[in-house]
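K.L.:
build the 3D model from these lines:
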Amino acid sequence: METRCFLRTLGPPALLGPTGDPVRFRVKKHLALLAYLAVEPTMAHRREALADFLWPQATAGEGRHSLATALSVLRARLGRAAFETTRDTVRLTGAGLELDLTRLASGDVLGDDMRRPLEVGAFLDGLDIPDADEFLRWKERHQARLLPSILEAMVLLIDRCRRTADSRQMERIADRMLGLDPLSEDAVRAKMESRALAGDRVTALRAFEHFRAQLGEELGAVPSVKLERLAVRLRRRGWERTDGPPVAPVPPVATEQWRGRPFIGRAVEHRALYEAWERMQKREPGHVLVRGDSGIGKTTIVERLTTAAVLEGATSSRVQCYELEREIPYAAVTGLVIGLLDKPGASATRPESLAELARTVPEVRQRFPAIPPSVESHGEMARVRLTEAMHDLVLAIAEEHPVILVVDDLHLADDASLAVLHLLIRRAAGQPLMLILTVRQGELGRSPQALRLLESTRTLGFVELSLPPLPDGDAGELLDSLIPTDQHPPGVAARRALLAAAAGYPMVLELLLQDWQANGDHSLALSLGAMTAELESGVTSQAGPYEAVFERIVQSVDATTRAVLNLAAVLGHRLNALPMYGIVELGLGQAMHGLSELARLRVLRDGGQRMEFVNELLRACAYRAVPSPVRRQLHSEVADWLLEGKKGGEQAGGLEVAWHCI
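P.N.:
The predicted structure is shown next:
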């Protein structure tokens with residue numbers, strides 16, 4: 001396969017080698033010569049013209065000598081085949097060299113699995129040669145000619161960032177775009193969105209006000225209604241402008257929750273969510289089912305999508321389902337309805353439908369006290385009438401803004417709400433309504449009604465999205481982002497232990513980091529396998545919510561599976577040694593059954609070559625759940641087993657045996 005260098009001329013110019021590393025030039029004019037020959041490849045250039053072009057103040061002999069030196073430098077970097085030269089002419093053949101302008105002209109801006117997105121900026125930005133006026137004029141002519149294509153490419157790159165939730169890169173592109181065209185509405189919109197998704201609503205509004213004033217001063221124009229509405233969404237209620245054009249009521253958007261919370265490592269999954277949102281706007285099925293374990297980031301990615309959608313004009317309502325509300329009929333539906341009552345368009349709902357909703361949701365009558373009395377109904381008829389009323393409410397709001405309904409932890413929703421949602425999805429086909437459901441894979445068996453709904457998701461137009469653990473690189477980036485700039489980061493060993501213990505689970509990583517910041521060397525990530533007589537008290541003080549999730553997952557397991565879990569928590573990396581389960585008087589089949597059940601509940605996972613705990617925080621919860629006397633006895637039995645194995649020639653580390661003995 002041919003190895004090629006890459007010449008970047010859009011933005012700060014650079015020559016990149018076949019491996020992507022920059023090729024250095026000690027003299028700027030050498031890079032300028034390469035750029036000129038690459039951009040003007042169709043003709044052979046006379047040496048005298050090139051010397052006058054870049055070395056106009058030198059004598060004829062000095063100019064030719066400088067040119068010859070520059071060509072020698074370029075040949076050393078690109079190879080002799082890259083140039084065709086005679087005594088009087090020079091031409092760049094392009095052999096072994098790829099030019100970014102070629103990709104720009106062909107529209108290959110976004111790249112693919114093998115090629116990165118094209119970096120776009122001003123033509124030869126920063127490459128100024130004060131004593132070469134002709135070169136500067138040539139550069140300005142090409143910048144003017146390329147500007148429309150550059151701006152169009154930037155719009156494509158911004159849209160890609162919007163889909164992948166890369167707000168930091170979107171802001172960088174927006175700033176470059178504003179440097180080229182200060183009156184670009186696409187750039188201002190991207191700047192506002194990126195600042196909003198960083199939790200900086202004030203700066204987003206300042207960017208809009210500056211653009212609005214500049215647009216009026218220079219062109220006597222006003223921003224588009226779309227951009228004006230984006231600004232209105234970002235303003236708090238009561239601060240809306242009165243001196244601008246009238247704007248229809250739009251739902252506000254909360255952005256402060258994203259301050260200091262960078263979105264890392266979920267670009268592919270967010271793109272799938274965003275594409276579903278786009279399908280819904282075309283009246284195509286756009287519902288999404290997000291599957292994942294506790295702490296994997298389901299809520300974060302869904303909230304990121306809904307924030308972006310509300311910035312674009314959507315209305316959203318979210319309900320979090322809880323264990324305590326599973327026996328309260330219509331608890332989840334009530335939460336969704338309450339979230340819709342104050343949205344623009346809700347008041348256009350038929351009074352009869354509002355009255356029907358008020359039978360289940362008292363807040364409806366408080367919000368609309370003039371609605372008529374409701375009609376009594378019972379049983380299945382009451383459920384159907386409630387579904388029809390909720391459908392009317394959603395349709396009234398959707399007349400002005402698409403509606404997104406989010407049900408977090410669907411497996412904890414009450415059965416009555418699940419039945420209403422099932423019927424609502426069927427009746428809302430072809431309408432601007434998007435449902436996003438999140439479920440924990442290990443807890444689905446506790447809700448038969450949720451299972452029935454999930455079994456029909458494909459026929460209802462749902463896209464299923466499973467969130468895997470973060471790769472090591474993304475987990476490391478997330479860890480760096482969680483550490484305040486005024487605090488010392490963990491050392492190499494502590495960092496490795498934190499990342500290994502979290503196993504790619506963002507919430508676990510955050511809890512373990514908080515624990516390390518509070519307890520240092522006695523933190524869970526460093527002390528679970530340490531030489532201590534007891535796991536440090538309070539070591540999982542930050543993991544209270546996670547322990548509650550663990551108890552809810554395993555509270556229904558049988559005695560055999562619980563015994564397997566207790567011993568596996570003590571065994572750690574040896575949990576796959578099936579004969580060791582004889583310590584708790586379990587046979588091979590019983591041990592395999594228990595491990596399979598724990599994998600089904602997502603306490604364990606298949607690591608490729610062996611079973612392992614989903615993460616060390618979950619193992620710590622299981623370890624701490626074992627009564628202390630039982631735990632000591634298990635450690636003793638395991639230590640005896642390992643020592644007996646050593647007598648028979650089996651390998652067991654001395655430190656491992658010592659840990660069990662302590």
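K.L.:
going by C-alpha atoms from here, please, whenever you check contacts or count neighbours.
P.N.:
Fine.
K.L.:
the helix or strand hosting Asp159 packs against which elements?
P.N.:
Using DSSP states H and E, Asp159 maps to helix 133-164. Counting contacts by 3 or more Cα pairs under 8 Å, 6 or more residues apart in numbering; DSSP states H and E, helix 133-164 is packed against helix 47-54, helix 100-106, helix 167-180, helix 185-197, helix 267-281.
K.L.:
and if we set it to 10 Å?
P.N.:
helix 28-39, helix 47-54, helix 100-106, helix 167-180, helix 185-197, helix 267-281, helix 298-311 (3 or more Cα pairs under 10 Å, 6 or more residues apart in numbering; DSSP states H and E).
K.L.:
quick one: buried residues of it?
P.N.:
Buried positions in helix 133-164, judged by neighbour count with 16 or more other Cα atoms under 10 Å: 135-136, 139, 143, 146-147, 150-151, 153-155, 157-164.
K.L.:
that older thread, redo the helices and strands packed on helix 133-164 as a markdown table? Include mean pLDDT and distance to Ala569.
P.N.:
Below are the helices and strands packed on helix 133-164 laid out as a markdown table (pLDDT from 0 to 100; distance: least, Cα to Cα, whole Å):
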| stretch | mean pLDDT | distance to Ala569 |
| --- | --- | --- |
| helix 28-39 | 93 | 61 |
| helix 47-54 | 93 | 72 |
| helix 100-106 | 92 | 55 |
| helix 167-180 | 94 | 41 |
| helix 185-197 | 95 | 40 |
| helix 267-281 | 94 | 32 |
| helix 298-311 | 92 | 26 |
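K.L.:
nearest to His391, out of the ones you listed?
P.N.:
helix 267-281 (16.4 Å; Cα to Cα).
K.L.:
quick one: Phe211 from Glu171, how far?
P.N.:
16 Å (Cα to Cα, to the nearest Å).
K.L.:
any idea which of the helices and strands packed on helix 133-164 is most buried?
P.N.:
Comparing those by mean neighbour count (mean count of other Cα atoms under 10 Å), helix 185-197 ranks first with a mean of 24.
K.L.:
now it - C-alpha only, PDB.
P.N.:
This file holds the C-alpha atoms of helix 185-197, laid out as PDB (Å, rounded to 0.1, in the frame of the first residue of the first chain):
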ATOM      1  CA  GLU A 185     -26.000  32.800  11.500                       C
ATOM      2  CA  ASP A 186     -25.000  29.100  11.300                       C
ATOM      3  CA  ALA A 187     -21.800  30.000  13.300                       C
ATOM      4  CA  VAL A 188     -23.700  32.000  15.900                       C
ATOM      5  CA  ARG A 189     -26.200  29.200  16.300                       C
ATOM      6  CA  ALA A 190     -23.400  26.700  16.900                       C
ATOM      7  CA  LYS A 191     -21.700  29.000  19.300                       C
ATOM      8  CA  MET A 192     -24.900  29.400  21.300                       C
ATOM      9  CA  GLU A 193     -25.600  25.700  21.300                       C
ATOM     10  CA  SER A 194     -22.100  24.800  22.400                       C
ATOM     11  CA  ARG A 195     -22.100  27.300  25.200                       C
ATOM     12  CA  ALA A 196     -25.600  26.100  26.300                       C
ATOM     13  CA  LEU A 197     -24.500  22.500  26.300                       C
END
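K.L.:
touching, Leu512 and Ala501? I think so.
P.N.:
Yes - under the criterion of Cα atoms under 10 Å, Leu512 makes contact with Ala501 at 8.1 Å.
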